[in-house]
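>>> sequence below, structure please.
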Amino acid sequence: MRESLERGLPELGLDAALIPTLEGFAQLVLERNQVMNLTAITQPEEFAALHLLDSLALVLLAGLERQSVVDVGCGAGFPGVPIAIARPACKVTLLDSLGKRVDFLREACGKLGLENVACVHARAEEFAAGQREQFDAAVSRAVAALPVLCELCLPLVKVGGQMLAMKSSHSQEELQGAEHAIKILGGQVDWVKDYTIPGTQVVHRVVCIKKVRGCPGKYPRRFALIKKAPL
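Residues are numbered from 1 along each chain as shown. Model prediction:
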């Protein structure tokens, strides 16, 4: 794992001093993975590339600095925890609907001394009721189709902020299908960038949607309705 990080971090413009904390988080995830389902990727070099370096590519592409960031549907903590490690001046909220995952992340962040992370157990559409348009950026990785994801994320983003969706490089049709939702929810596609994960031939994509106006108050809807009738 260390070799992958030593090779990959410089490509992303990040310091090798991050390696001990990144390795520490990886160890905690893999240990807990033995008793709960956190990741299917357990080989150390693959974990480093496909979880850690993939998440950190977002820091390079989006230039996250001193921002409030919410990771919607954070799962095992990707990309939120690597972002928090690489950008200690960012305030990162890890949001997930599964209490056991949130409990693990709270414990892990405590052990790693990450004071810039808050771990919240809630559904995104419920969380938005109290945190509407409070974040500079909402990030999400492999959570849902883009029309659904936009309704979960954009209501949380301040006007002028951004939603960053980590997607497959073959997601053009999905993006086209989300145009209506993006417009209704106050967004506008700002940029789409493909990137190769350092040390691999794996190409992924980031879709950046800028929040250009306030989101209508009736969104987000209940998740059952969001899923049944995407915008």
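>>> what pairs with the helix or strand hosting residue 70, parallel or antiparallel?
In this structure, residue 70 sits in strand 68-72 according to DSSP states H and E. Strand 68-72 pairs in its sheet with strand 91-96 (parallel), strand 135-141 (parallel), by DSSP bridges.
>>> ok, then the element right after the host helix or strand of residue 23?
Assigned by DSSP H and E, residue 23 belongs to helix 19-32. Next in sequence after helix 19-32, counting helices and strands by DSSP H and E, comes helix 44-47.
>>> got the CA coordinates for that next one in PDB?
C-alpha atoms of helix 44-47 as PDB (Å, rounded to 0.1, in the frame of the first residue of the first chain):
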ATOM      1  CA  PRO A  44      -3.800  -3.400   0.000                       C
ATOM      2  CA  GLU A  45      -2.500  -2.100  -3.400                       C
ATOM      3  CA  GLU A  46      -6.000  -2.100  -4.900                       C
ATOM      4  CA  PHE A  47      -7.400  -0.500  -1.800                       C
END
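>>> which parts of it are buried?
Going by neighbour count (16 or more other Cβ atoms under 10 Å), the buried part of helix 44-47 is 44, 47. No exception for glycine: its C-beta is placed from N, CA and C like everyone else's.
>>> likewise stretch 213-230?
215, 219, 220, 223, 226, 230.
>>> now stretch 198-209
198, 199, 200, 204, 205, 206, 207, 208, 209.
>>> which two among those residues are spaced furthest apart?
Among the buried residues of stretch 198-209, the pair separated by the greatest distance (Cβ to Cβ) is 199 and 209, at 28.8 Å.
>>> low-confidence ranges in this structure?
Scanning the chain for pLDDT under 70 picks out nothing.
>>> hey, which strand is longest across it?
Longest among the strand segments of the chain by residue count, using DSSP state E, is strand 157-168.
>>> tell me which other helices or strands the helix or strand that that one is followed by touches.
Using DSSP H and E, the next helix or strand after strand 157-168 towards the C-terminus is helix 172-177. Contact partners of helix 172-177 among helices and strands, from 3 or more Cβ pairs under 8 Å, 6 or more residues apart in numbering; DSSP states H and E: helix 146-153.
>>> may I see the buried residues of the helix it packs on?
Quick answer for helix 146-153 (16+ other Cβ under 10 Å): 146, 147, 148, 149, 150, 151, 152, 153.
>>> show me the contacts for the fourth one.
Residues touching residue 149, when contacts are defined by Cβ atoms under 8 Å, 6 or more residues apart in numbering, comprise 72, 140, 143, 165.
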